[in-house]
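Q: next one to model:
(2 chains)
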2 protein chains.
Amino acid sequence: MSGPRYTPLVEGLPSTVPFVGPETQERGMGKPFRARIGANENVFGPSPAAVAAMADAAAGIWQYGDPENHDLKHRLADGLGVQPENIVIGEGIDALLGYLARMLVSPGTPVVTSLGAYPTFNFHVSGFGGVLHAVPYKGDHEDPDALIAKAEETGAPLIYFANPDNPMGTWHSAETVQSLIDRVPEASLLILDEAYVEFAPEGIAPPLDVSNDRVIRFRTFSKAYGMAGARIGYGIAEAGLADAFNKIRNHFGVNRIAQAGALASLNDRDHVPRVRDQVAKSRERIGRIARDNGFEALDSATNFVAIDCGRDDAYAKAVLAGLVAAGVFVRMPGVAPQNRCIRVSAGTDADLDVLAEALPGVVRAIDADR
Amino acid sequence: MSGPRYTPLVEGLPSTVPFVGPETQERGMGKPFRARIGANENVFGPSPAAVAAMADAAAGIWQYGDPENHDLKHRLADGLGVQPENIVIGEGIDALLGYLARMLVSPGTPVVTSLGAYPTFNFHVSGFGGVLHAVPYKGDHEDPDALIAKAEETGAPLIYFANPDNPMGTWHSAETVQSLIDRVPEASLLILDEAYVEFAPEGIAPPLDVSNDRVIRFRTFSKAYGMAGARIGYGIAEAGLADAFNKIRNHFGVNRIAQAGALASLNDRDHVPRVRDQVAKSRERIGRIARDNGFEALDSATNFVAIDCGRDDAYAKAVLAGLVAAGVFVRMPGVAPQNRCIRVSAGTDADLDVLAEALPGVVRAIDADR
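A: The predicted structure is shown next:
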């Protein structure tokens, strides 16, 4: 048999996965992780009100969700001071990035991002045949000047920029981000990925300006709202751009329980501040654990900390492997020079007890091997 | 501003929706429907075990779902007598149809379906620039001979066929479907959409043959399992084809609560038989209500009934509009000659009481207007 006639583009794509899930690693090891602090999930969980709303919604799951996401869209718009027409809701930022890549990327389209930034964006761009132009980080920060220069050089219709950044946790000021927005070339579109913005210091997000169709901002219920498994996120954009998603999106794609949980989350105003406090304390303790082991922790505006292990990528990989073998799920940046670091998500006290207990032995074992 | 530089393909697409949701209609009317029997949702709901599993999973939604869908995939494979490598799980059949269209359809690619068959498939094909070749139904049945003839004529790499059919509820025997599969041209792929198969008489599904890479079968938790809002369905295919979805799918796209609910559903062996009985009784009553009003009900192998209103599309549309105005959410086929019918989903006794009460007045009002 000759097999299905894939398009030439799809025929040439690798069968891949942007991230290996912790469950896959657990099956490989034959035992569960003792601490799940690798995927920047929010271990402090969703709002109790969201949990209750989701549990209540379970029996009604026989109904499709509202394809317009009307109630959530209106609630978000009210909170953000924009119109419902400026909001597009989708199955997590991942799905929205995929839709946007599909809207702007054809085979050969240049797309600008940072070397080592979010792999799932790259996966979508490559999946539509785009050609990635990745500029280096500058001192562990994404580099707005380099992004703009590369966009001008390549004529890219799409630029990716995250603030705060993942995987380093670093951030830029609102002024710097606004200056980046102001310099986006005509007929380019900037993706401002603000997945972690709720964890950041006040004032790093420039004001929303939904008259500007050169920027789309993505936010999510996966991180501060603790609903990663629900697959629900949103974009804030000029109305024509937000509406263009209707050309291609999976209209009935958002889970009805996720809609209920997201709405309840927004109505619990205490939850995100509480999570911010818990995350801040956890980041501090991760920093102490890092320093206790001779490492350095980067300042972070997110719910994770990049720990600079102080040597090369081989060393950081050994630290990572040691922690994983000891039952601590963590990840690390994929590209130099950031890959001298490991990335540890904020954890509960119990999670960080496991980290604190495991790390010295891991470091000793590596040193003994050298 | 010139706006985002959409691809020429996307630039030319309409901003659309394959179906208007009942919530949109309710907002337009300013009141809720009294009976929600229009979207072939399963009003009898999910398994109580699934409801419990989903409620239990709510607090753990801070974790991403397993991107491999490992446990559900293995459970399905065991039940179906295939290997896990033959299963691809996705965010409902809608998303899987979208992925498959993306894999095989480029601008200009011919694709074969039936005139009036599932609009969301058409939406995805058009969304990737495919050219739809739709053959007429034959006596309210999809026409396998015509589908094969058109596939041969056009050289289409993709053919869509649903058994049982939506929107008519009709079906073909396993022998007829097997004969269709056997005649799929080399290097064509048949989508056998079996979304409603659990409602059908025994023996309409030909045996699974996962060595055949000219057919992929789609099934779902949205219908008999009562989890439409959860967005979870699956394909059964030759291993290489199932794996090819990994090139482009949203790996973390399936909701974690949906994974838990689907798994629990499969482990409750009593639920689907119970739903089948409830649906069969409901179909019978819909038939009686139709006949009481001078209409005819088509035999159905699904959880809905096409009611032949006996005149033209204008008449059926008037009946539909009258029912909607009376608070009964129903839909109708979009294309002649099927659009002489309205389509009513199986409902609870209370739902059908509303239908039985409303329909005579609707018919009288139309007749009075003529």
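Q: any idea how far the nearest residue to A:Ala77 once chain neighbours are set aside is from A:Lys73?
A: Of all residues not flanking A:Ala77 in the chain, A:Pro84 sits nearest, at 4.5 Å (Cβ to Cβ, 6 or more residues apart in numbering or on different chains). (C-beta placed from N, C-alpha, C; glycine too.) Taken as Cβ to Cβ, to the nearest Å, the spacing of A:Pro84 relative to A:Lys73 amounts to 5 Å.
Q: and those two? Which one has more around it.
A: A:Lys73 (21 against 18; other Cβ atoms under 10 Å in any protein chain shown).
Q: where along the stretch 201-350 of chain A do the strands fall?
A: Secondary structure of the stretch 201-350 of chain A by DSSP state E, counting those that start in this stretch: the strands cover A:215-220, A:233-236, A:296-297, A:304-308, A:328-329, A:341-345.
Q: is A:Ile159 in a bridge, and if so with what?
A: Taking DSSP bridges, one finds A:Val112, A:Leu190 as the beta-bridge partners of A:Ile159.
Q: how much space between it and A:Val88?
A: The gap separating A:Ile159 from A:Val88 is 18 Å, by Cβ to Cβ.
Q: between the strands of the stretch 201-350 of chain A, which gets nearest to chain B?
A: strand A:215-220 (8.5 Å; Cβ to the nearest Cβ).
Q: show me what that closest one is packed against.
A: Packing partners of strand A:215-220 (3 or more Cβ pairs under 8 Å, 6 or more residues apart in numbering or on different chains; DSSP states H and E): helix A:92-104, strand A:189-193, strand A:233-236.
Q: pLDDT wise, what is the residue lying closest to A:His251 once chain neighbours are set aside at?
A: In this structure, A:His251 finds its nearest non-sequential neighbour in A:Pro67, 4.2 Å apart by Cβ to Cβ, 6+ apart. With respect to pLDDT, A:Pro67 scores 97.
Q: one more: A:Met1?
A: Turning to A:Met1, the model gives it a pLDDT of 46.
Q: ok, A:Ser15 next?
A: At A:Ser15, the predicted lDDT confidence score is 84.
Q: the nearest residue to it once chain neighbours are set aside: what's it in contact with?
A: Using Cβ to Cβ, 6+ apart and skipping the chain neighbours, the partner closest in space to A:Ser15 is B:Asn246 (4.3 Å). Contacts of B:Asn246 were listed using Cβ atoms under 8 Å, 6 or more residues apart in numbering or on different chains, and they are A:Ser15, A:Thr16, A:Val17.
Q: adding neighbour count and secondary structure, write those out as JSON lines.
A: As requested, the contacts of B:Asn246 are arranged in JSON lines below (neighbours: other Cβ atoms under 10 Å in any protein chain shown; DSSP: H, G, I helix; E, B strand; the rest coil):
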{"residue": "A:Ser15", "neighbour count": "11", "secondary structure": "coil"}
{"residue": "A:Thr16", "neighbour count": "13", "secondary structure": "coil"}
{"residue": "A:Val17", "neighbour count": "17", "secondary structure": "coil"}
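Q: dump stretch A:184-194 to PDB, restricted to CA.
A: Provided in PDB are the C-alpha atoms of stretch A:184-194 (Å, rounded to 0.1, in the frame of the first residue of the first chain):
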ATOM      1  CA  VAL A 184       6.700  46.700  15.200                       C
ATOM      2  CA  PRO A 185       7.100  47.200  11.500                       C
ATOM      3  CA  GLU A 186       4.000  47.900   9.400                       C
ATOM      4  CA  ALA A 187       2.200  44.800   8.500                       C
ATOM      5  CA  SER A 188       4.000  42.800  11.100                       C
ATOM      6  CA  LEU A 189       2.100  41.400  14.100                       C
ATOM      7  CA  LEU A 190       3.700  41.000  17.500                       C
ATOM      8  CA  ILE A 191       2.500  38.200  19.800                       C
ATOM      9  CA  LEU A 192       3.000  39.400  23.300                       C
ATOM     10  CA  ASP A 193       2.700  36.200  25.300                       C
ATOM     11  CA  GLU A 194       1.700  37.200  28.900                       C
END
